[in-house]
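**Q** Sequence first, then the predicted structure:
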Amino acid sequence: MENVQLAPRLNASRAWLESLRLRTLPLAFASIINGSALAYWQGSFTAGIALLTLLTTALLQILSNLANDYGDAQKGSDTPERIGPLRGMQKGAISLLQMRSALVLTVVITIFSGLALVLLACTTLSDMLGFIALGGLAMVAAIAYTVGKKPYGYLGLGDASVLIFFGWLGVNGSQYLQTHSLNLIDLLPATACGLLAAAVLNVNNLRDIDSDRQNGKYTLAVRLGAINARRYHAALLTSALLCFALFALFASQTAGSWLFLLAAPLIYQQSRYILRETSPLAMRPMLEKTVKMALLVNVLFALGLILS
């Protein structure tokens, strides 16, 4: 038993890095990149606000990652039988008390960063109060995904949350902080960004579909079933392209705004692969590929707006 307990202590730093899941940050940054690109396209880009928004978003994502590990560890959802990687808590390298302390610290830092952003970007009291409320909601959502008696991630509502926070709030919120205006058509690229983020979550859930079902984690993939969840994935990717295309057609109307289509072959290849491969194990390498693909599509769209 002593040898089993000593090993995690030697790998404590690595365990914390695994729980932070820094590889998920680029996907969170994509919404801020798109929102800032929209602000630049509208002639209202502010670098300081954009950078502070990126920092606050990174902290919210880290908070979500830590809370996810904490909630899953409490409920015993992450077992050695799952295909996905086990994190620090599941390996015994991080205790519940240590993770609770890390969560509190992250909450405090996120609050300070968020308040600094509000004070820097908002010019009216109503905007200040509105974004403070939205920031609080984002923090609650980050924690409540897997923590609590009825975490919404276990009820199949994770995809909707991703669409809201990685799409509408992330893109249009960061855009509004710089432009102080919002047009209805701006929801199209925000929706596209959210749909791509939902596709990443869906690949993750397809990978863990069997272990999630066995442990009572009824993600949308579990509720849809393996076949329909694959069709849903293809629909997410196709709909994201359609949203970007509609924005390019009706709002931007420049050649550069179609730059995102360079990633269309990758989207087609991934959709075809996921529809064809029915083994959860086949989804393991697709998570990182989906993150990179989603980031590429978003960056190409943002670059197209800037060049326009």
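**A** Received it, and whenever you're ready, just let me know what you need. Residues are numbered from 1 along each chain as shown.
**Q** Just the mean pLDDT for the helix or strand hosting Glu18, thanks.
**A** Element membership of Glu18 [criterion: DSSP states H and E] is helix 12-20. Confidence for helix 12-20, expressed as mean pLDDT, is 79.
**Q** which other residues reach the next helix or strand along the chain from that helix?
**A** Per DSSP H and E, helix 12-20 leads on to helix 25-41 as the next helix or strand towards the C-terminus. Here helix 25-41 makes contact (Cβ atoms under 8 Å, 6 or more residues apart in numbering) with 45-46, 50, 53-54, 57-58, 60-62, 166-167, 170-175, 178-179, 186, 189-190, 193-194, 196-197, 200, 252, 291, 294-295, 298-299, 301-303, 305-306, 308. Using the backbone N, CA and C atoms, a C-beta is placed for each residue, glycine as well.
**Q** what packs against the helix or strand hosting Leu305?
**A** Here Leu305 is covered by helix 286-307, with elements defined by DSSP H and E. Applying 3 or more Cβ pairs under 8 Å, 6 or more residues apart in numbering; DSSP states H and E, one finds that helix 286-307 contacts helix 25-41, helix 187-207, helix 226-247, helix 264-276.
**Q** Figure out which of the ones you listed is closest to Asn215.
**A** helix 187-207 (12.8 Å; Cβ to Cβ).
**Q** And the helix or strand that that closest one is followed by, what's buried?
**A** Under the assignment DSSP H and E, the closest C-terminal helix or strand after helix 187-207 is helix 209-214. For helix 209-214, burial by neighbour count (16 or more other Cβ atoms under 10 Å) applies to 209, 211-213.
**Q** Return the closest of the residues you listed with respect to His233.
**A** Ile209 (12.0 Å).
**Q** Can I get the helix holding Glu18 in CSV, CA atoms only?
**A** Extracted as CSV, the C-alpha positions of helix 12-20 are listed here (Å, rounded to 0.1, in the frame of the first residue of the first chain):
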residue,chain,number,x,y,z
ALA,A,12,1.6,15.5,-8.2
SER,A,13,2.7,18.3,-10.7
ARG,A,14,1.8,16.1,-13.6
ALA,A,15,-1.5,15.2,-12.0
TRP,A,16,-2.4,18.9,-11.6
LEU,A,17,-1.5,19.6,-15.2
GLU,A,18,-3.8,16.7,-16.3
SER,A,19,-6.6,18.1,-14.2
LEU,A,20,-6.1,21.6,-15.6
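**Q** Please state the offset of that helix from the chain centre?
**A** Chain-centre distance of helix 12-20: 19 Å, with Cα atoms, centre = their mean, to the nearest Å.
**Q** just stretch 20-32 next, same as before
**A** 7 Å.
**Q** now stretch 294-308
**A** 18 Å.
**Q** re the thing from before, for the helix holding Glu18, which helices and strands make contact with it?
**A** helix 47-75, helix 88-91.
**Q** closest one to Leu105 among these?
**A** So among those, helix 47-75 is nearest, using Cβ to Cβ, at 9.6 Å.
**Q** circling back to that earlier point, and which of the buried residues of helix 209-214 is nearest Met286?
**A** Using Cβ to Cβ, the buried residues of helix 209-214 come closest to Met286 at Ile209, 13.0 Å.
**Q** Enumerate every residue touching the closest one.
**A** Ile209 neighbours (Cβ under 8 Å, 6+ apart): 219, 221-222, 226, 229, 280.
**Q** Would you format the residues you listed as JSON lines with distance to Ala39 included?
**A** Below are the contacts of Ile209 laid out as JSON lines (distance: Cβ to Cβ, whole Å):
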{"residue": "Thr219", "distance to Ala39": "34"}
{"residue": "Ala221", "distance to Ala39": "35"}
{"residue": "Val222", "distance to Ala39": "38"}
{"residue": "Ala226", "distance to Ala39": "41"}
{"residue": "Ala229", "distance to Ala39": "35"}
{"residue": "Pro280", "distance to Ala39": "40"}
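**Q** circling back to that earlier point, would you reformat the helices and strands packed on helix 286-307 as JSON lines and include distance to Leu287, mean pLDDT and mean neighbour count?
**A** Putting the helices and strands packed on helix 286-307 into JSON lines (distance: least, Cβ to Cβ, whole Å; pLDDT from 0 to 100; neighbours: other Cβ atoms under 10 Å) gives the following:
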{"stretch": "helix 25-41", "distance to Leu287": "11", "mean pLDDT": "94", "mean neighbour count": "24"}
{"stretch": "helix 187-207", "distance to Leu287": "5", "mean pLDDT": "95", "mean neighbour count": "26"}
{"stretch": "helix 226-247", "distance to Leu287": "12", "mean pLDDT": "96", "mean neighbour count": "19"}
{"stretch": "helix 264-276", "distance to Leu287": "11", "mean pLDDT": "94", "mean neighbour count": "15"}
